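Asker: here's a sequence, model it:
(one chain, ligands or ions: 2)
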Amino acid sequence: MDKKSFKIQNNLAEENVLDWSGIQKNLENSFGTEIYSSWLKNIALLKEYNHYVILGVQTRFFRDWIASRYADKILNQIKKHKISIERIEFKIQEERSDEKNIFTKTVESKVTNIKDNILNYNRLNPNFNFDNFVVGESNKIAFLSAKKICTDSSRYNPLFIYGGVGLGKTHLINSIGLELSKNNNVMFISAERFMYQFIKSIKKNEMVNFKDFFRKANVFIIDDIQFIRGKEGLQEEFFHTFNSLFDKSSQIVISSDRAPNKLDRVQERIKSRLSGGLVVDVGAPDYDLKLKILKKKILEFQNTFKEYPNLSEEVISYIAKDSSSNIRELIGVFNRIVAFSKMSKKQLNISDCKIILKDINKANKIVTIDKIQKVTSNFFSIDLEEMLSQRRSRPLARPRQIAMYLAKKLTTRSLPEIGRKFANRDHTTVIHAVKTVERLSINSGEMKKNIDEIKSIILSD
Ligand code: ADP
Ligand code: MG
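Answerer: Numbers count the residues shown, from 1 in each chain. Ligands and ions are numbered 1, 2, ... in the order given. Purely as a prediction, here's the structure:
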């Protein structure tokens, strides 16, 4: 190990002294039981370093909420136990769990008994079933088609369901999987996961297993097929998998965020395969459907908690009217409002709801790399183009590295994607930038201060 990296390692050395349950007790004392049990109780201490700790939170929403309201106080409590801690970082432990009802425990069950552990990812969510899928104008045809193939397969092959985010595609195709898994060997996988396994199998020389495994299914369900856009090798493999399944009359179900003919950068032969069966869309829910979904959620809540959530009809219709057309968000808003009314032990009125909705919108705000670049270059008073240029002088290189670091921390973009946004740099350059900034912000208060300020500008409007 060279000297420099030894120093970094040393800086990051773990030295576990924190008594997390003790800290949690202090948090409960200082915040009170309501806030503590609503927001802070489930925070986990994941890792402890000399100068910072990594805390695990359940969802992105929780992270934003906690970070914007309670982070300083949490840090102060931690400092009381370990003075060297300068900051806390949050890590989301259960990705996408905000789409689940926070009041019901989700148990992921495996459908088929897969011995081989590389194949241990075939999971259906028991909470996404036909019984709790609420049907309205916008999803009726998709719903009926999904039901149909469960009784009368082969007629519609493949079934292709498309529509915008949070409209129930995964829920529907998962329901198909649950229904058919009673009598079939069901394979349910996201296109992204499919690629991950594909690459892993190539690296480990296990392509034969890979092919065998996928082709064994007699129901093959693949989520978010748009992911294969622009990925030639993956398309090749998918095409062959598709054909061999199709040839043996396995039912194939596909979801996508757009129609087959709109899948740019996908081979024509695949597009024609995808549209060769039944193509249906799910649209944005109207008011009636949103209301029906809320009523269903209230029932679920009642069944779980044996009490009626304290929401007036007026508030319920306000949520249905005013929330976005994304059903995932609608449910998120509902959960949040119910949590608040439980916490405050009162019936919320519309203006309470407005405040809560506003906070949620803020917390869910999407940060783009463009915005990060703009704010960062502004902050350092340099020209955006110069910041992205190939010049290596420090006054340009540092802000560039900071912007890359923030792009990694504040967006969900991958390293190669970030590299491309920075005048086509390589992903290793991004890794280097992230490491450099991390190291500097541990050693320099100035650096940390700048980053915090830039971050707060990015997140503030
Ligand atoms: P997509 O895959 O289209 O992005 P999901 O299937 O993940 O959307 O749905 C998002 C959330 O909304 C999930 O919690 C799902 O259960 C819920 N949802 C969507 N549509 C319905 C519906 N018609 N009835 C009940 N819940 C729904
Ligand atoms: Mg989905």
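Asker: pull the contacting residues for the closest residue to ligand 1 within the chain.
Answerer: Closest residue of the chain to ligand 1, Cβ to the nearest ligand atom: Gly168 (2.6 Å). To be clear about C-beta, it is placed using only N, CA and C from the backbone, and glycine gets the same treatment. Residues near Gly168 by Cβ atoms under 8 Å, 6 or more residues apart in numbering: 133, 139, 142, 282, 327.
Asker: from Ala142, how far out is it?
Answerer: As judged by Cβ to Cβ, to the nearest Å, Gly168 and Ala142 stand 8 Å apart.
Asker: overlap in contacts, those two.
Answerer: Val282.
Asker: follow-up on the earlier one: just the ones in helices from the contacts of Gly168, please.
Answerer: 142, 327 (DSSP state H).
Asker: lowest-confidence one in the contacts of Gly168?
Answerer: Ranked by pLDDT, the contacts of Gly168 bottom out at Ile327 (93).
Asker: now for it: which residues touch it?
Answerer: Ile327 touches 166-168, 285, 290, 293, counting by Cβ under 8 Å, 6+ apart.
Asker: before we move on, which element is the nearest residue to it once chain neighbours are set aside in?
Answerer: Among residues not flanking Ile327 along the chain, Gly166 sits closest, at 5.3 Å (Cβ to Cβ, 6 or more residues apart in numbering). Secondary structure from DSSP states H and E places Gly166 outside every helix and strand.
Asker: pretty sure Gly166 contacts Gly332?
Answerer: No - with contacts counted by Cβ atoms under 8 Å, Gly166 stays clear of Gly332, the gap being 9.2 Å.
Asker: quick one: which of these two has more around it?
Answerer: With neighbours defined as other Cβ atoms under 10 Å, Gly166 and Gly332 compare such that Gly332 has more, 24 against 20.
Asker: now the more buried one: how far from Asp352?
Answerer: Taken as Cβ to Cβ, the span from Gly332 to Asp352 is 17 Å.
Asker: run a quick neighbour tally on Ile431.
Answerer: 15.
Asker: which parts of the stretch 201-350 of the chain sit against ligand 1?
Answerer: Within the stretch 201-350 of the chain, the positions near ligand 1 by Cβ under 6 Å from any ligand atom are 293, 327-328, 331.
Asker: tell me which two of the residues you listed sit farthest apart.
Answerer: Ile293 and Arg328 (10.8 Å; Cβ to Cβ).
Asker: who has more neighbours out of those two?
Answerer: The neighbour comparison of Ile293 against Arg328 (other Cβ under 10 Å) goes to Ile293, with 21 against 18.
Asker: part of a strand, is that one?
Answerer: No - counting by DSSP: H, G, I helix; E, B strand; the rest coil, Ile293 is not part of a strand but helix.
Asker: neighbours of Lys216, how many?
Answerer: 14.
Asker: without its sequence neighbours, what residue ends up closest to it?
Answerer: Asn185 (6.4 Å).
Asker: so that neighbour is in contact with Arg215, correct?
Answerer: No - the criterion here is Cβ under 8 Å, and Asn185 misses it with Arg215 at 10.8 Å.
Asker: the more surrounded of these two?
Answerer: Set Asn185 next to Arg215 and count neighbours by other Cβ under 10 Å: Arg215 wins out with 18 against 15.
Asker: chain neighbours aside, what residue packs nearest to the more buried one?
Answerer: Ser244 (4.9 Å).
Asker: mind listing what Gln373 touches?
Answerer: Gln373 neighbours (Cβ under 8 Å, 6+ apart): 384, 387-388, 403, 407, 421-422.
Asker: confidence score at Ile74?
Answerer: For Ile74, the model assigns a pLDDT of 92.
Asker: three-state assignment of it?
Answerer: Note that with three-state DSSP, the state of Ile74 is helix.
Asker: give the contact list for Ser324.
Answerer: Taking Cβ under 8 Å, 6+ apart, one finds Leu330 in contact with Ser324.
Asker: quick check, it in a helix?
Answerer: No - under three-state DSSP, Ser324 sits outside any helix and is assigned coil.
Asker: what about it, distance to Thr376?
Answerer: 29 Å.
Asker: for Arg87, same thing?
Answerer: For Arg87, the distance to Thr376 equals 19 Å [Cβ to Cβ].
Asker: got it, and Ser323?
Answerer: Ser323 is 33 Å from Thr376, by Cβ to Cβ.
Asker: swap in Gly136?
Answerer: 44 Å.
Asker: neighbour count: those two, which is higher?
Answerer: Legend: neighbour count by other Cβ under 10 Å for Gly136 and Thr376, higher for Thr376 (27 against 18).
Asker: so the more buried one sits against Ile402, correct?
Answerer: Yes - taking contacts as Cβ under 8 Å, Thr376 lies within contact range of Ile402: 5.8 Å.
Asker: what's the burial count for the closest residue to Leu330 other than its chain neighbours?
Answerer: Sequence neighbours aside, Ser323 is the residue nearest to Leu330 in space, at 4.8 Å (criterion: Cβ to Cβ, 6+ apart). Neighbourhood size, Ser323 [other Cβ under 10 Å]: 23.
Asker: distance check, Ser323 against Ser393.
Answerer: 49 Å.
Asker: same question for Ser325.
Answerer: From Ser325 to Ser393 the distance is 48 Å (Cβ to Cβ).
Asker: please see if stretch 58-78 touches ligand 1.
Answerer: No - judged by Cβ under 6 Å from any ligand atom, stretch 58-78 stays clear of ligand 1, getting no closer than 12.4 Å.
Asker: start at 8 instead
Answerer: OK, 8 is where the count begins now, so the last one is stretch 65-85.
Asker: return the distance of that stretch from the chain's centre.
Answerer: Between the centre of stretch 65-85 and the centre of its chain there are 18 Å (Cα atoms, centre = their mean, to the nearest Å).
Asker: and if you look at stretch 233-244?
Answerer: 21 Å.
Asker: same deal with stretch 290-303?
Answerer: With Cα atoms, centre = their mean as the basis, stretch 290-303 stands 23 Å off its chain's centre.
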